[in-house]
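**Q** The sequence and its predicted three-dimensional model are supplied below.
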Amino acid sequence: MTSLTKHAIENFKIVNKASTYEIDQNMVVQGKQADNERLKIESDFLRGTISDDLNDRITGGFTPDNFQLIRVHGMYQQDDRDIRAERQKQKLEPLHNVMLRARMPGGVITPKQWLAIDKFAQEHTSYGSIRLTTRQTFQFHGVLKPNIKLMHQTLNSVGLDSLATAGDVNRNVLCTPNPIESAVHQQAYDWAKKLSEHLLPKSRAYAEIWLDEEKLETTEENKDSIEPILGASYLPRKFKTTVVVPPQNDIDVHANDLNFVAISEKGQLIGFNVLVGGGLAMTHGDQSTYPRKADDFGFINVEDTLKIAEAVVTTQRDWGNRVNRKNAKTKYTLDRVGIEVFKAEVEKRAGISFSESRPYEFTERGDRIGWVAGIDGKHHLTLFIENGRLLDFDKEDQSKQLKTGVAQIAKIHQGDFRMTANQNLIIAGVAEQDKVKIETLARQYGLIKDDVSLQRTSSMACVAFPTCPLAMAEAERFLPSFVTQVEDLLVKNNLADEAIILRVTGCPNGCGRAMLAEVGLVGKGPDRYNLYLGGNKGGTRIPKIYQENLTSAAILTELDSLIARWSVEREQNEAFGDFVIRIGVVNEVKVSKRDFYD
Ligand code: SRM
Ligand code: SF4
């Protein structure tokens, strides 16, 4: 046993005094494995019996194992919670359907692809919407079983898929969608695509089940080579990767397991600082779960990117907790074994040593709404899409037909679209002579509104009700009117030009990234939220709980008095999140595990 291993085991015993599991000298957590481990192993590399379920038209749903397994194919079984009770009363099964999440590294999508997804959403989804997510892709909600195969074949016909956008694998790889510094951005984006491809499951299950491609039998001879990186039991838990171009931190590195921070010289990408172990989810009342910032492992040359990514993923694959899914993500593995131990293992596996991190700074996270000129003579128009929901909200009123508006633009647009991690959409690569046409369409369909405040564009919510089965409180449906009330408070205090990064998530899973907001609301129950304060603009500080279980009215009362103090007591240009820490309203979370619950 090496001294580092010994240290890690000792450390693990100390930090997990109350826990019942232990690790052996190979860093494997001992104990009864979580049931998801059985189903992954038994699934024959993600096939399970999904095809049989698809043909079973007696139920709209999937069996419990396939319910989990279809996630790796990019789908979640859902039902509309608004009508659940009514159907129960009528003795009907829930109206099962699936939500699909596409794989879209860096969020780039062509007009042709857009028109295909628009048509599918219109014709074959119950809600008729395209939902842009906090991870630079889109979701269809409400796809019934008979349309699932058609959906995958439609995506495939335009070069898209939904493989590995959910489940215990590396998810959609994010990349700063910043068309201004396009030379470095383009290189960063190329790496996001390479990383996505490299870490994808290699099983042919997706192609066989959804695209009717020939089945490749698993045999004794080939079984060990089918998944060279992920292995037959895949990862212990979901895994998230980004490529980010500072000073923008719009993809929120600290929500992710593995981040490549682009370092450039003379306008060319030369390598990355590697940040490992971020994540935001927690469970109410369970202090073994907590949001955690990623740790800086150091700098690598650009050509070492895939080797390092693979080494981080396989270390987490082998050392991650497969006994308790609540403590299974990389952030917990790092805290359990120790950062130095994890880093040394990555260096050993990759055959590469990290060198000292190169300086960089994150200063902002918001999207630059409106036109910006790129260095290639093209123009880029960022549209603010409230909650990422592209829907024709009113059949009679064109100015509320956001989805049709984007489709109309796609019909004439020569560049591409880029989805942002703030749920917005960039119409990228517009020639000078096309600007007026594009902007006219955007205005006609309500995609540009001049009266949208900075506060509104700085606010974000997760989906929550009615489709999310885990939602405890409203988020997407609640945010617009709540923001109006926060805007009123800012106006009342002569702060109309200021904005607070405000985020709402319907439960502590944190999909709206409230745990990196200046003001974060985390759902507890109907109109009940825990209120967190003290994140910063750059997204490098986790906020701390201020008060628990408040109604939205009570939250507004709290914000009213805090914003009033901010307006008179703030130092020059002091942001709200910094202010509440300076005046002692909440303590700063410096080390999340230590300070978050203090
Ligand atoms: Fe999420 C589960 C929606 C980003 C942490 N998330 C879910 C599910 C699928 C509910 C479920 O498991 O049945 C939600 C579906 C709602 C619906 O009806 O659409 C859901 N998550 C979303 C999206 C759509 C929110 C949005 O409004 O945009 C985001 C889709 C991202 C994507 O395109 O891949 C989304 N989820 C996130 C983020 C933010 C991020 O990654 O930047 C987080 C926090 C970061 C992190 O992972 O720590 C996040 N989602 C979770 C978790 C908690 C994971 C954990 O570590 O414990 C769950 C529940 C789970 O996995 O058990 C979850
Ligand atoms: Fe659902 Fe919770 Fe995620 Fe919101 S944070 S989408 S309520 S799982």
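**A** Alright, I've got the coordinates. Numbers count the residues shown, from 1 in each chain. Ligands and ions are numbered 1, 2, ... in the order given.

**Q** Can you name the residues of the protein sitting close to ligand 1?
**A** Residues of the chain found near ligand 1 (CB under 6 Å from any ligand atom) are 76, 78, 99, 101, 133-135, 137, 139, 165, 171-172, 238, 240, 252, 255, 279-281, 329, 388, 423, 462-463, 467-470, 509-513. Yep, even glycine has a C-beta here, placed from its N, CA and C like the rest.

**Q** and those, which are buried?
**A** Using 16 or more other CB atoms under 10 Å as the burial test, the residues of the chain next to ligand 1 include 76, 78, 99, 101, 133-135, 137, 139, 165, 171-172, 238, 240, 252, 255, 279-281, 329, 388, 423, 462-463, 467-468, 509-513 as buried.

**Q** Just the ones of those in strands?
**A** When DSSP state E defines the strands, the subset of those inside them is 76, 78, 99, 101, 139.

**Q** in the sheet, who's paired with the first one?
**A** The reference is to residue 76. Judged by DSSP bridges, the bridge partners of residue 76 are residue 99.

**Q** is it true that it touches residue 166?
**A** Yes: with contacts counted by CB atoms under 8 Å, residue 76 reaches residue 166, the gap being 6.4 Å.

**Q** Helix or strand with the lowest mean pLDDT in the chain?
**A** Least confident helix or strand of the chain, by mean pLDDT, DSSP states H and E, is helix 3-15 with a mean of 48.

**Q** Would you mind identifying the next helix or strand past it?
**A** Where DSSP states H and E defines the elements, the next helix or strand beyond helix 3-15 is helix 35-42.

**Q** Report the buried residues of that next one.
**A** Residues 36, 37, 39, 40 are the ones in helix 35-42 that count as buried (16+ other CB under 10 Å).

**Q** so what's the closest residue in space to residue 402 that isn't next to it in sequence bridging to?
**A** Distances taken as CB to CB, 6 or more residues apart in numbering place residue 390 nearest to residue 402, at 5.0 Å, with adjacent residues excluded. Assessed by DSSP bridges, residue 390 has beta-bridge partners residue 130.

**Q** thinking again about what came up before, make CSV out of the buried residues of helix 35-42 and add distance to residue 579.
**A** Formatted as CSV, these follow (distance: CB to CB, whole Å):
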residue, distance to residue 579
36, 43
37, 46
39, 48
40, 47
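
**Q** if we take those residues, which one ends up nearest to ligand 1?
**A** residue 36 (10.2 Å; CB to the nearest ligand atom).

**Q** Any idea how far apart the tips of stretch 162-179 sit?
**A** Terminal residues of stretch 162-179 lie 25 Å apart, using CA to CA, to the nearest Å.

**Q** I'd like the average pLDDT over that stretch.
**A** Stretch 162-179 comes out with an average pLDDT of 95.

**Q** The closest residue to ligand 1 within the stretch 301-450 of the chain: what's it in contact with?
**A** Nearest residue of the stretch 301-450 of the chain to ligand 1, counting by CB to the nearest ligand atom: residue 329, 5.0 Å away. By CB atoms under 8 Å, 6 or more residues apart in numbering, the contact set of residue 329 is 236, 237, 238, 239, 257, 279, 281, 320.

**Q** likewise residue 244?
**A** 174, 175, 176, 188, 251, 253, 259, 260, 261, 262.

**Q** helix/strand/coil for the fourth one?
**A** Using DSSP: H, G, I helix; E, B strand; the rest coil as the criterion, the local structure at residue 188 reads helix.

**Q** what's the pLDDT at it?
**A** The predicted structure scores residue 188 at 95 on the pLDDT scale.

**Q** where along the stretch 301-450 of the chain do the strands fall?
**A** Ranges of strands within the stretch 301-450 of the chain are 370-373, 379-383, 389-390, 416-419, 425-430, based on DSSP state E, counting those that start in this stretch.

**Q** so residue 378 touches residue 430, yeah?
**A** Yes: under the criterion of CB under 8 Å, residue 378 makes contact with residue 430 at 6.1 Å.

**Q** Need the overlap of contacts for the two.
**A** Taking CB under 8 Å, 6+ apart as the criterion, residue 378 and residue 430 both touch residue 415.

**Q** can you tell me which residues contact the spatially most central residue of the chain?
**A** Central residue of the chain (CA atoms, centre = their mean): residue 135, 3.8 Å from the mean position. Residues in contact with residue 135 (CB under 8 Å, 6+ apart) are 171, 172, 174, 240, 421.

**Q** Can you give me the neighbour number for the third one?
**A** Neighbouring residues of residue 174 were enumerated by other CB atoms under 10 Å; the total is 31.

**Q** Which positions in the protein make contact with ligand 2?
**A** Residues of the chain lying close to ligand 2 by CB under 6 Å from any ligand atom are 462-464, 468, 470-471, 475, 505-507, 509-511.

**Q** doesn't residue 81 make contact with residue 466?
**A** Yes: using CB under 8 Å, residue 466 is in contact with residue 81, at 4.6 Å.

**Q** Those two: which is more packed in?
**A** More crowded of residue 466 and residue 81, by other CB under 10 Å: residue 466, with 19 against 15.

**Q** got a list of what that one touches?
**A** So residue 466 contacts 80, 81, 82, 83 (CB under 8 Å, 6+ apart).

**Q** now residue 321
**A** Applying CB under 8 Å, 6+ apart to residue 321 gives the contacts 21, 29, 236, 327, 328, 332, 333, 336.

**Q** Closest to residue 538 out of these?
**A** Nearest to residue 538, judged by CB to CB, of those is residue 332 at 24.7 Å.

**Q** would you list every one of the strands in the stretch 101-250 of the chain?
**A** So, for the stretch 101-250 of the chain - with DSSP E, counting those that start in this stretch - the strands run 108-109, 130-132, 138-143, 174-175, 241-244.

**Q** Could I get those strands in a markdown table, plus columns for distance to residue 517?
**A** What follows is the strands of the stretch 101-250 of the chain, written out as a markdown table (distance: least, CB to CB, whole Å):
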| stretch | distance to residue 517 |
| --- | --- |
| strand 108-109 | 27 |
| strand 130-132 | 19 |
| strand 138-143 | 22 |
| strand 174-175 | 18 |
| strand 241-244 | 18 |
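
**Q** okay, those, which one's buried deepest?
**A** strand 174-175 (a mean of 30; mean count of other CB atoms under 10 Å).

**Q** quick one: the helices in the stretch 301-450 of the chain?
**A** Assigned helices in the stretch 301-450 of the chain, in chain order: 305-319, 330-337, 339-350, 402-412, 435-444 (criterion: DSSP state H, counting those that start in this stretch).

**Q** Could you dump the ones you listed into CSV and include distance to residue 269, mean neighbour count and mean pLDDT?
**A** Below are those laid out as CSV (distance: least, CB to CB, whole Å; neighbours: other CB atoms under 10 Å; pLDDT from 0 to 100):
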stretch, distance to residue 269, mean neighbour count, mean pLDDT
helix 305-319, 10, 22, 97
helix 330-337, 25, 26, 95
helix 339-350, 19, 19, 96
helix 402-412, 30, 20, 98
helix 435-444, 29, 16, 98
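
**Q** could those helices go into CSV alongside distance to residue 457?
**A** Below are the helices of the stretch 301-450 of the chain laid out as CSV (distance: least, CB to CB, whole Å):
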stretch, distance to residue 457
helix 305-319, 33
helix 330-337, 29
helix 339-350, 36
helix 402-412, 15
helix 435-444, 15
